[in-house]
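Colleague: coords please:
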Amino acid sequence: MHHDVVIIGTGSGNAVIDDTFADLDVGLIEERRAGGTCLNYGCIPSKMLVFSADVTDTVATSGRFNVDAESYGLRWTALRDRVFGVTDARSDEGRKGREDSDNITFHQGHAEFTGPRQLRVTGEDGTSVDITAGQIVIANGGRPVIPPLVEESGLPYETSDTVMRIDAAPKRLAILGGGYIAAELAHVFAAAGSHITIVEKSDRLLGGPQDGELRDAFTALRHADYDLRLGTELSGLTGRPGALVLQLDDGSTVEADVLLVASGRTPNSDRLNLDVSGVEVSDDGRIVVDEFLRTTAEGVFALGDVSTPIPLKHVANREAEVVSYNLRHPDSLRAIDRERVPSAVFANPQMASVGITEEVCREQHPDYLVGRTPYADVAYGWALQDDTGFCKVLVDRETHLILGAHVMGPQAATLIQIFAVAMEFGIRADDLAHRPFWIHPALTEVVENALRDVEAAA
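Modeller: Numbers count the residues shown, from 1 in each chain. Below is the predicted model of the structure:
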């Protein structure tokens, strides 16, 4: 079977195909559920669960706001069924829509290269179909990393792919890893009544784009709610299903009903038999692409977690736009720009960042200015009774351009977008502070005041 274009993976890869491809014969290949990780196993169901966890926490602390709530509790099974009732329906609708298209063939199964722009798709029943293609887009994502100690123990464990669909929230949940996935799922299951233990080899939670001040503040808050085993690593896993014992390298142990492994993700490049394809892979497993998202094999592009250095859904979506254009316009290729990518952690509290951290500023821009405003200093912060959140902005002293911004507190993921837009369009910090009107008493005043605080530091 021959297709003009083949897409391996129907997450962001699915977005490559728009109405401009109506004159082409297109093949879509998906090994799991249509829609990819974000829709089925990642950011969408997790954020739906997080919102219910936020509501649970709000009700639990309602007395602070002079509201009487006689009882509260997160009904896990009902919540899970509602969330995946929505996402599963969207997945099924998306697949049917593609299957009903006149020019698209949907292949369910695992894809491997058999030669340059040649594929074999094998279904669960063992039957296979051989495909050739004029152009191929690899967008088959990534998967959780499972430490050998866990895998070789023979004992059950969950990952972010599976834990959100379990039948009941465990009484004791141990989480291996302290990154954003761990932080968000800990928030969800703590709201559902689980006792949370986090085992993290670093001395602080989170990492990546998060500023050190945010990491310190978030870690301190979580010490009050979770059993944090920081600066430690797993040295052994024993016990039995439902009664696990984690041995740590400091000699301590953790008893848990369920173990959630959230210690990182790895690209799925090793599942494609790329040796025969001409597609090169870097040492960390990412498919090598140029600025136009072309691989080293002619006619083969790659996007998303299998290749990107920034494995975030909004990055993959932008890469899909670039690939979509480049497939149709080989003589006027567009390049991808990942210089200013905002990110957010939907834990409690939320955290969000864009640009560089203060640690990087000290090294690369030593003559920088810092503006900082606590939520407690603005009127809406009073309404929230928030005494831990803050907004922090880093500015170049000479140009007054924003180098980075970091927010911790309610609506952080929304507030950070102001900085992302300003940085993208080169808006000076002083202009952003003074030229637009800032609604009073909206929470956006925490951004305005952080910008004005930069002037005080000058």
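
Colleague: What strand or helix carries L443?
Modeller: Assigned by DSSP states H and E, L443 belongs to no helix or strand.

Colleague: May I have the predicted confidence score for it?
Modeller: Here, the pLDDT recorded for L443 equals 98.

Colleague: Report the separation between the nearest residue to it once chain neighbours are set aside and D453.
Modeller: Sequence neighbours aside, Y380 is the residue nearest to L443 in space, at 4.3 Å (criterion: C-beta to C-beta, 6 or more residues apart in numbering). To be clear about C-beta, it is placed using only N, CA and C from the backbone, and glycine gets the same treatment. Distance check for Y380 against D453: by C-beta to C-beta, to the nearest Å, it reads 17 Å.

Colleague: ditto for G141
Modeller: To D453, G141 is 41 Å away according to C-beta to C-beta.

Colleague: So these two - more neighbours on which side?
Modeller: Set side by side, G141 and D453 give different neighbour counts by other C-beta atoms under 10 Å, the larger being at G141 (27 against 19).

Colleague: what's near enough to touch that one?
Modeller: Applying C-beta atoms under 8 Å, 6 or more residues apart in numbering to G141 gives the contacts G9, G11, G36, T37, P267, N268, G304, D305, V306.

Colleague: Show me the helices in the stretch 301-450 of the chain, by range?
Modeller: Secondary structure of the stretch 301-450 of the chain (DSSP state H, counting those that start in this stretch): helices located at 313-328, 358-364, 379-384, 412-424, 429-434, 445-457.

Colleague: hmm, I was thinking of the stretch 1-150 of the chain
Modeller: Per DSSP H, counting those that start in this stretch, the stretch 1-150 of the chain carries helices over the ranges 36-40, 43-60, 76-99, 148-153.

Colleague: Most tightly packed of these?
Modeller: Most buried of the helices of the stretch 1-150 of the chain, by mean neighbour count (mean count of other C-beta atoms under 10 Å): helix 36-40, with a mean of 24.

Colleague: What is that one packed up against?
Modeller: helix 76-99 (3 or more C-beta pairs under 8 Å, 6 or more residues apart in numbering; DSSP states H and E).

Colleague: of the contacts of G141, closest to R172?
Modeller: Checking the contacts of G141 against R172 by C-beta to C-beta gives T37 as the nearest, at 27.2 Å.

Colleague: care to break the chain down by domain?
Modeller: Domains of the chain are assigned by automatic domain parsing as 2-142+266-328, 148-263, 349-457.

Colleague: Which among the ones you listed is found nearest to R340?
Modeller: Closest approach to R340 among these (C-beta to C-beta): domain 349-457, 5.0 Å.

Colleague: and the closest one, how far apart are its ends?
Modeller: 27 Å (C-alpha to C-alpha, to the nearest Å).

Colleague: what about it, distance to the chain center?
Modeller: 22 Å (C-alpha atoms, centre = their mean, to the nearest Å).

Colleague: Tell me the buried residues in stretch 98-118?
Modeller: By 16 or more other C-beta atoms under 10 Å, the buried positions in stretch 98-118 come out as R98, I104, T105, F106, H107, Q108, G109, H110, A111, E112, F113, R117.

Colleague: C-alpha coordinates for that stretch, PDB please?
Modeller: Extracted in PDB, the C-alpha atoms of stretch 98-118 (Å, rounded to 0.1, in the frame of the first residue of the first chain):
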ATOM      1  CA  ARG A  98     -10.400  10.500  10.200                       C
ATOM      2  CA  GLU A  99     -11.700   7.100   9.200                       C
ATOM      3  CA  ASP A 100     -14.700   8.700   7.500                       C
ATOM      4  CA  SER A 101     -12.400  11.000   5.400                       C
ATOM      5  CA  ASP A 102     -12.200  10.200   1.800                       C
ATOM      6  CA  ASN A 103      -8.500  10.600   1.500                       C
ATOM      7  CA  ILE A 104      -7.300   9.200   4.900                       C
ATOM      8  CA  THR A 105      -6.600   5.600   5.900                       C
ATOM      9  CA  PHE A 106      -6.400   4.900   9.600                       C
ATOM     10  CA  HIS A 107      -4.000   2.000  10.500                       C
ATOM     11  CA  GLN A 108      -4.300   0.600  14.000                       C
ATOM     12  CA  GLY A 109      -1.000  -1.100  15.100                       C
ATOM     13  CA  HIS A 110       2.700  -0.800  15.800                       C
ATOM     14  CA  ALA A 111       4.800   0.800  13.000                       C
ATOM     15  CA  GLU A 112       8.400  -0.100  12.200                       C
ATOM     16  CA  PHE A 113      10.600   0.900   9.300                       C
ATOM     17  CA  THR A 114      11.600  -1.800   6.900                       C
ATOM     18  CA  GLY A 115      13.600   0.500   4.700                       C
ATOM     19  CA  PRO A 116      13.800   4.200   3.600                       C
ATOM     20  CA  ARG A 117      10.200   5.500   3.700                       C
ATOM     21  CA  GLN A 118       9.000   1.900   4.000                       C
END
